[in-house]
Structures are given as structure tokens and as C-alpha cells.
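Participant: could you work out the structure for the sequence below:
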Amino acid sequence: MLTGATSVLRLLPYCRSYMALSAAVSSQLIAPDSCRHTPSGRPVPTPSVSAHRLSPALARHALPGSYPNCRISSPSLLCWRKPTFNSLHFPPLILCCSSSASTMSTSASEGVTSDGAAAAVAASGAAADVEVRDSISLTQREQDIFDTLLAAVRHAGAATSLRCAGGWVRDKLLGRSSDDIDIALDDMLGKDFAEMVNDYLKSQGKEARHAAVIQSNPDQSKHLETARMKIGEMWIDLVNLRSETYAADSRIPTMTFGTPEQDALRRDFTMNALFYNITAGGVVEDLTGRGLQDLRDGLIRTPLPPRETFLDDPLRVLRAVRFGTRFGFRLHPDILEAAASEQVRVALATKVSKERVGTELEGMFNGPTPVEAVRLLQRLGLFTAVFALPASLLSRVGNGYGVPCCTTMAAADRIIRALGLEMDKDERRFLLLAALLLPLRGLQIPAAKGKLTPATAALIRDALKWRVKDIEMTAALHDAAAELAMAHTALLKGAGGGVDAAAAAVNGEEETSGTAVGCKAGGEHDVRVILGQSIRKLKQHWKLGKL
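Facilitator: Prediction:
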């Protein structure tokens with residue numbers, strides 16, 4: 001029969017890799033001179049240490065339970081200790097890796113200085129020449145869709161010119177497949193063209209397709225009315241070419257039909273302002289004069305001055321970050337300067353719906369380099385505008401929480417890569433989101449009926465508009481991290497110490513009677529109970545909690 005300790009180890013399939021990687025973190029990733037210690041063991045920062053200033057509220061409420069591998073040398077100064085493996089502090093791997101990540105993260109917590117802007121330039125990619133095709137080759141499905149649209153125009157006797165715009169053109173020129181077809185119309189609204197297509201389909205004895213109309217919402221920087229319908233097995237978006245005029249006392253534009261040139265200049269980036277002219281037989285049109293070259297150079301640039309482009313729709317600053325980290329492209333210095341401005345930051349926080357922000361963030365988290373995307377947001381001073389805490393809590397925490405959040409997220413990403421873990425996109429998002437918000441664990445805000453709710457749950461629900469499942473998994477993974485740290489500590493202390501002593505050691509508190517998980521202290525038996533409860537809460541994602 002297996003002993004209690006052996007049973008616990010059987011539940012930790014990554015334990016051996018944990019020890020190996022933790023040793024690597026201790027011996028290689030942390031510079032030997034990154035910290036020096038007094039005889040009492042208290043770390044003393046040296047110039048090579050990145051010491052992050054935190055408000056007393058954040059240090060007091062979040063750090064003791066969330067960071068068993070750190071000491072607080074003053075109420076507002078967090079300085080990591082080099083991980084050791086013969087002490088009682090034996091936290092999950094993410095917390096050990098965080099100690100090395102903190103020495104490599106930026107220490108700027110508010111705004112973007114000239115040094116911060118330089119760091120943002122370096123982080124925004126250094127793409128070499130990009131291979132761009134001379135022409136676009138259509139799949140049979142794409143050819144069938146375009147033939148149907150052209151036939152609908154002929155059937156109606158209209159003179160409408162049809163162009164593909166945006167990401168589909170960019171991706172096809174890069175040799176990538178794309179299902180994101182946007183059709184730009186020069187003389188009618190999308191809903192009117194959808195009716196024209198349905199009239200043609202009926203004339204051919206085919207079933208008409210419902211067209212959904214997505215209304216514009218200028219107050220939330222959603223300026224275009226879009227019609228969406230299905231042709232064959234693919235959804236397409238239909239929108240008119242546009243031009244904009246502004247009243248002297250308003251930033252909300254009046255939309256009018258525009259020329260292709262006017263429409264191209266109002267788009268977000270030059271590489272997304274390219275047109276594929278269906279009516280003209282598939283000619284690629286670069287009406288800004290820079291789109292094709294910027295695509296070859298791996299450069300993200302706005303057709304108009306970036307401040308104007310971002311204030312037109314502040315969400316574009318997030319799209320710049322997402323595209324830059326997705327493709328490994330550089331952001332033009334003018335984009336970085338405008339993105340870091342207070343005017344753009346305020347506009348992003350107040351003029352864009354949280355649903356649109358959450359969609360862009362989900363694209364970053366599901367992209368190839370989510371850590372670099374979030375780091376770039378931090379370096380541009382946009383972290384608190386995106387991952388916004390309630391004002392009542394922000395006044396106590398301060399604006400510097402993006403630095404430790406990026407640190408723990410980077411640590412989790414290194415674990416995933418170093419251990420070669422295979423995860424689906426949901427599991428990866430769960431783990432990275434929980435790691436990102438780990439420094440905020442323990443912070444609470446008032447809720448209805450005098451109750452308190454976790455700040456992390458409020459952030460996910462209100463600032464990102466993500467799913468309830470994301471809230472539940474973040475809470476479960478945070479609990480699992482604390483429970484695993486408690487279990488490790490209890491095993492290393494031995495059965496005599498019990499879980500109460502382990503919990504006190506992990507949280508830096510005096511030992512109390514009873515445990516946080518509702519079981520009596522009983523050595524190895526309690527460790528099994530703790531881990532069993534943790535596994536049940538995480539269900540099929542239980543392995544994530546052991547990281």
C-alpha cells in the first residue's frame with residue numbers, strides 16, 4: 001500500500017520536471033549577484049535587482065498569501081528572494097519562476113518615459129523583410145462567392161464596384177488562408193446590397209439568406225453599420241466605402257459615402273487599407289501608397305497621423321499591439337508615441353465598449369505571444385486602462401500593479417514552454433489569465449447587500465466582459481496555488497507540523513487552529529485531503545493547478 005507522501009507524489013505528474021526547472025531557475029535564470037542577504041536572511045536590493053514599488057494596500061492584502069517566496073522589507077517595497085529548496089517555502093513553480101522574471105521586467109509603473117518608449121520599440125518586434133506575394137490566388141470557395149456577388153450586380157443592372165478590404169487581402173498576400181471576407185461597396189449600404197443578393201438567389205431558385213445588420217454606435221467608437229450574410233458556407237461582411245466630416249464642437253463623425261481613396265485613409269493601418277478589386281478582375285489596390293511596402297517591411301503604420309487615427313477609434317491602439325505581436329511586426333515610432341499619450345489612454349478607457357476591448361484581449365491571449373502583447377500594453381502605459389480596477393480599489397492600490405502582473409504571467413508562459421506542455425487555447429488562456437491576476441489575489445471590493453467580491457472577478461466581469469468560466473477558473477487556480485504551497489510545506493515539515501503549521505508558514509502568519517480547507521490537522525492525511533479538494537474543484541483542468 002502506498003504511503004501518504006507517495007500518494008501525493010503520484011498526483012503530481014510534473015513533480016520531477018518541477019524540480020529540474022526550479023533548479024535551473026535557481027542556478028541559471030537568476031544572476032548570482034542579483035540579491036545579497038543580511039545574516040538574518042533578509043534580502044537587500046542591489047542595483048541589478050528590479051524592486052517594484054507597491055502601495056501598502058496591495059502589499060498588505062495581496063502579497064502575504066500570494067507570494068510565499070517573497071519577503072516584504074517595508075510596507076511598500078517588494079523584493080524577491082532567490083528560491084531555495086531546503087526551506088519551508090516551497091511554492092508552486094510559477095512563484096519560483098516569478099523571482100527570476102522580476103529581475104528582467106521593467107520597473108516603470110506609470111506612464112512611458114523616454115527609456116520606456118525605447119523599451120516599447122524593442123518589444124514591438126524587429127521583423128526582417130516579409131515575403132509578400134505579387135498577386136492573390138483564390139480558392140474555389142472564394143471564387144464561387146465572388147462570382148455570386150458579381151452575378152447579383154449584373155442581375156440588378158447596378159453599377160456597384162465590389163472590393164475586398166482589410167485582413168483578408170493582407171493575409172492572402174502573406175500566403176495565409178482567411179475566412180474574414182469584408183466587401184466594400186461604393187454606392188450603397190450593406191443591407192441594401194444583401195437584399196440585391198437575395199433577389200438574385202431567388203431568381204436562380206435558391207434559398208434567400210438572412211442578413212444581420214450590426215448598427216453603428218458612435219458613442220462607443222463603432223462608426224460603421226455592417227450587414228452580415230452567409231454565401232455558400234462562408235459568412236461575409238458588407239459595408240459601404242466611407243468618408244467622415246466633423247462638427248467644430250464634436251469628435252463624433254458624420255458618415256457619408258466616400259471614394260476608395262478616402263476610405264483607405266480612414267482605415268486603421270496601411271497593411272489593412274489594401275483592396276482587392278473584384279469588379280476589376282482581382283487587381284490589388286494600394287491607395288495609401290505605403291501598404292504593400294509596409295507589409296514587406298513588417299511595419300505597422302497608420303495611413304493618417306496616429307493620434308487622429310486612435311482618437312477616431314481608440315480600440316485601434318489595442319489592434320496595433322495585437323497585430324504587432326501576432327505577426328512579429330514593428331510598430332512605427334509615431335504609433336508608440338501616440339499610443340502612450342494620456343489623451344489616447346483616457347479615450348480607450350472611456351470611449352470604447354468593454355465588450356470590444358475584451359474581444360481584442362482574447363485575440364492577444366489566443367495569439368502566439370500573449371506575454372509580449374501584455375508587456376507592450378504595460379510599457380505603453382495602457383495596462384490600467386485595459387485591466388481596470390474599480391476606482392475605490394485603485395485609490396488604495398495605485399497604478400503600479402501592471403509590473404508584478406506581467407511578471408507572474410511571464411513566469412507561467414516560461415513554464416508552459418520549458419515543460420513542453422500541450423494545452424488547448426482555453427486551458428492556456430485560463431492559466432495565463434490566472435497568472436496575470438495572481439498579484440491581485442486577496443483584494444476585495446464591496447458588492448451588493450454589504451458583501452465583498454474578489455477584485456479579480458470584478459475585473460474579468462466588468463473590464464473584460466469575459467465569461468463566467470474565466471472567473472471560476474481564475475479563482476480555482478489561485479486557490480490551487482495556495483493549497484499546493486500548503487501541501488508542499490506540510491510534507492517538508494513532516495507530519496508533526498500538520499497543515500495548520502504549513503498554512504501559517506505559507507502565509508507568513510501565526511499558526512491557528514483548524515485549516516482554511518475545512519479539515520483537521522493530521523499530517524499526510526490532510527495533505528491528501530487538500531489536494532483532493534483542489535483536483536475536484538478544477539475538474540478536467542486539475543493539472544493546471546499543479547503548476
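
Participant: make it CA atoms for all contacts and neighbour counts henceforth
Facilitator: Will do.

Participant: any idea what the closest residue to Leu189 other than its chain neighbours is bridged to?
Facilitator: Of all residues not flanking Leu189 in the chain, Asn240 sits nearest, at 5.3 Å (C-alpha to C-alpha, 6 or more residues apart in numbering). Going by DSSP bridges, Asn240 is paired in beta bridges with Leu185.

Participant: so what's Asn240 up against?
Facilitator: Residues counted as contacts of Asn240 (C-alpha atoms under 8 Å, 6 or more residues apart in numbering) are 184-190, 257.

Participant: what does Leu149 give?
Facilitator: Going by C-alpha under 8 Å, 6+ apart, the list of residues near Leu149 reads Val197.

Participant: so Ala280, which of the three states?
Facilitator: coil (DSSP: H, G, I helix; E, B strand; the rest coil).

Participant: I'd like to know how far the residue nearest to Leu189 sits from Met188.
Facilitator: Distance, Asn240 to Met188, by C-alpha to C-alpha, to the nearest Å: 6 Å.

Participant: same deal with Arg242?
Facilitator: Arg242 sits at a distance of 11 Å from Met188 (criterion: C-alpha to C-alpha).

Participant: between those two, which has more neighbouring residues?
Facilitator: Just comparing Arg242 and Met188: by other C-alpha atoms under 10 Å the higher neighbour count belongs to Arg242, 25 against 16.

Participant: tell me the pLDDT of that one.
Facilitator: Listed pLDDT for Arg242 reads 90.

Participant: check Asp312 too.
Facilitator: Asp312 is assigned 88 on the pLDDT scale.

Participant: and if you look at Arg429?
Facilitator: Arg429 is given a pLDDT of 95.

Participant: for it, give its distance to Gly358.
Facilitator: In this view, Arg429 and Gly358 are 13 Å apart by C-alpha to C-alpha.

Participant: so for Gly532, what's the pLDDT?
Facilitator: With respect to pLDDT, Gly532 scores 70.

Participant: burial check on it, number of neighbours?
Facilitator: Counted with other C-alpha under 10 Å, Gly532 comes out at 14.

Participant: which SSE is it in?
Facilitator: Gly532 belongs to helix 524-538 when elements are defined using DSSP states H and E.

Participant: do the same with Arg267
Facilitator: Applying DSSP H and E, one finds Arg267 in no helix or strand.

Participant: got the domain ranges for this protein?
Facilitator: Domain ranges of the chain: 4-110+403-444+461-546, 131-297, per automatic domain parsing.

Participant: show me the shaky parts of the stretch 251-400 of the chain.
Facilitator: Within the stretch 251-400 of the chain, the stretches with pLDDT under 70 are 251-254.

Participant: residue ranges with poor pLDDT in the stretch 51-200 of the chain?
Facilitator: Checking the stretch 51-200 of the chain against pLDDT under 70 turns up 51-128.

Participant: make it 50
Facilitator: Along the stretch 51-200 of the chain, the parts satisfying pLDDT under 50 run over 51-119, 121-123.

Participant: list the contacts of stretch 205-213.
Facilitator: With C-alpha under 8 Å, 6+ apart, stretch 205-213 has contacts from 191, 194, 198-199, 201-202, 225-231.

Participant: export it as CSV, just CAs?
Facilitator: The C-alpha trace of stretch 205-213 is given here as CSV (Å, rounded to 0.1, in the frame of the first residue of the first chain):
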residue,chain,number,x,y,z
GLY,A,205,-34.3,29.1,-57.5
LYS,A,206,-32.0,29.3,-54.5
GLU,A,207,-32.9,30.0,-50.9
ALA,A,208,-32.5,33.6,-49.7
ARG,A,209,-30.2,34.1,-46.8
HIS,A,210,-30.9,36.2,-43.8
ALA,A,211,-28.8,39.3,-43.4
ALA,A,212,-28.0,40.6,-39.9
VAL,A,213,-27.4,44.3,-39.5
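
Participant: could you list the buried residues of it?
Facilitator: For stretch 205-213, a neighbour-count test (16 or more other C-alpha atoms under 10 Å) marks 208-209, 211, 213 as buried.

Participant: from those residues, which land in strands?
Facilitator: Val213 (DSSP state E).

Participant: which one of the buried residues of stretch 205-213 is nearest to Met364?
Facilitator: When the buried residues of stretch 205-213 are compared for distance to Met364 (C-alpha to C-alpha), Val213 wins out at 26.9 Å.

Participant: mind checking pLDDT for that closest one?
Facilitator: 89.

Participant: for Gly508, same thing?
Facilitator: The per-residue pLDDT of Gly508 was computed as 44.

Participant: run through who's touching the host helix or strand of Phe193.
Facilitator: Assigned by DSSP H and E, Phe193 belongs to helix 190-203. Residues from elsewhere that reach helix 190-203, judged by C-alpha under 8 Å, 6+ apart: 148-149, 151-153, 155-156, 207-209, 211, 213, 225-229, 237-240.

Participant: try 6 Å this time
Facilitator: With C-alpha atoms under 6 Å, 6 or more residues apart in numbering as the test, helix 190-203 has contacts from 152, 208, 227, 238-239.

Participant: now do stretch 290-310: everything it contacts.
Facilitator: Contact partners of stretch 290-310, identified using C-alpha under 6 Å, 6+ apart, comprise 127, 129-130, 265, 268-271, 316, 329-332, 335, 338.

Participant: now stretch 163-176: buried residues?
Facilitator: 163-174.

Participant: for the residues you listed, which one is nearest Leu376?
Facilitator: Closest to Leu376, out of all of the buried residues of stretch 163-176 and judged by C-alpha to C-alpha, is Gly167, at 22.3 Å.

Participant: ok, back up a step: now rank the contacts of Asn240 by neighbours and give me the top one.
Facilitator: That'd be Ala184 among the contacts of Asn240, by other C-alpha under 10 Å, with 27 neighbours.

Participant: check contacts around it.
Facilitator: 163, 239-241.

Participant: reformat those as JSON lines; add distance to Phe323.
Facilitator: Output for the contacts of Ala184, formatted as JSON lines (distance: C-alpha to C-alpha, whole Å):
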{"residue": "Arg163", "distance to Phe323": "23"}
{"residue": "Val239", "distance to Phe323": "22"}
{"residue": "Asn240", "distance to Phe323": "24"}
{"residue": "Leu241", "distance to Phe323": "23"}
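
Participant: closest to Leu443 among these?
Facilitator: Val239 (44.9 Å).

Participant: my read: that closest one touches Thr226, true?
Facilitator: Yes: between Val239 and Thr226 there is a contact under C-alpha atoms under 6 Å: 5.2 Å.

Participant: neighbour count winner among those two?
Facilitator: More crowded of Val239 and Thr226, by other C-alpha under 10 Å: Val239, with 22 against 19.

Participant: relative to Ser341, how far out is the more buried one?
Facilitator: 31 Å.
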